[in-house]
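**Student:** Structural data only, the sequence is not supplied:
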């Protein structure tokens, strides 16, 4: 029973983080489309930031799509790059 409750809780948490990552991606897309990004970022810095936002959204999309109620998630590693850049 504990594993099922923990799995349900993980599903809720990953879904919430996925929603947050998608909102952040939408915000950066709007910054790009409107051209406002140029007020806040250099071109190269914004491009790096956008790549980080896209990567985070993909990771959370993958995690949110998993079933956390069974132990099968332990056998599937998350695809990660070794060269993750800090968002700051």
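**Tutor:** All right, it came through fine. Please read all numbers here as calculations on a predicted model, not as lab measurements. Numbers count the residues shown, from 1 in each chain.
**Student:** Just give me the longest helix of this protein.
**Tutor:** With secondary structure taken from DSSP state H, the chain has its longest helix at helix 2-34.
**Student:** lowest-pLDDT helix or strand in the chain?
**Tutor:** Scoring the helices and strands of the chain by mean pLDDT, DSSP states H and E places helix 2-34 at the bottom, with a mean of 87.
**Student:** tell me which residues in the helix or strand just after the longest helix of the chain are buried?
**Tutor:** Next helix or strand after helix 2-34 toward the C-terminus (DSSP states H and E): helix 37-40. Along helix 37-40, the positions that meet the burial threshold by neighbour count (16 or more other C-beta atoms under 10 Å) are residue 37. To be clear about C-beta, it is placed using only N, CA and C from the backbone, and glycine gets the same treatment.
**Student:** ok, and what's touching helix 37-40?
**Tutor:** With contacts defined as C-beta atoms under 8 Å, 6 or more residues apart in numbering, helix 37-40 is touched by 28, 31, 46.
**Student:** I'd like the next helix or strand past it.
**Tutor:** As assigned by DSSP H and E, the chain's next helix or strand after helix 37-40 is helix 43-64.
**Student:** Next, the angle helix 2-34 makes with that next one.
**Tutor:** Interaxial angle, helix 43-64 versus helix 2-34 (axes from the mean of the first three to the mean of the last three C-alpha atoms, to 10 degrees): 150 degrees.
**Student:** on that earlier part again, from the contacts of helix 37-40, keep the buried residues only.
**Tutor:** Taking 16+ other C-beta under 10 Å as the criterion, what is buried in the contacts of helix 37-40 is 28, 31, 46.
**Student:** Reformat these as CSV; add distance to residue 37.
**Tutor:** Conversion of the buried ones among the contacts of helix 37-40 to CSV gives the following (distance: C-beta to C-beta, whole Å):
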residue, distance to residue 37
28, 8
31, 4
46, 5
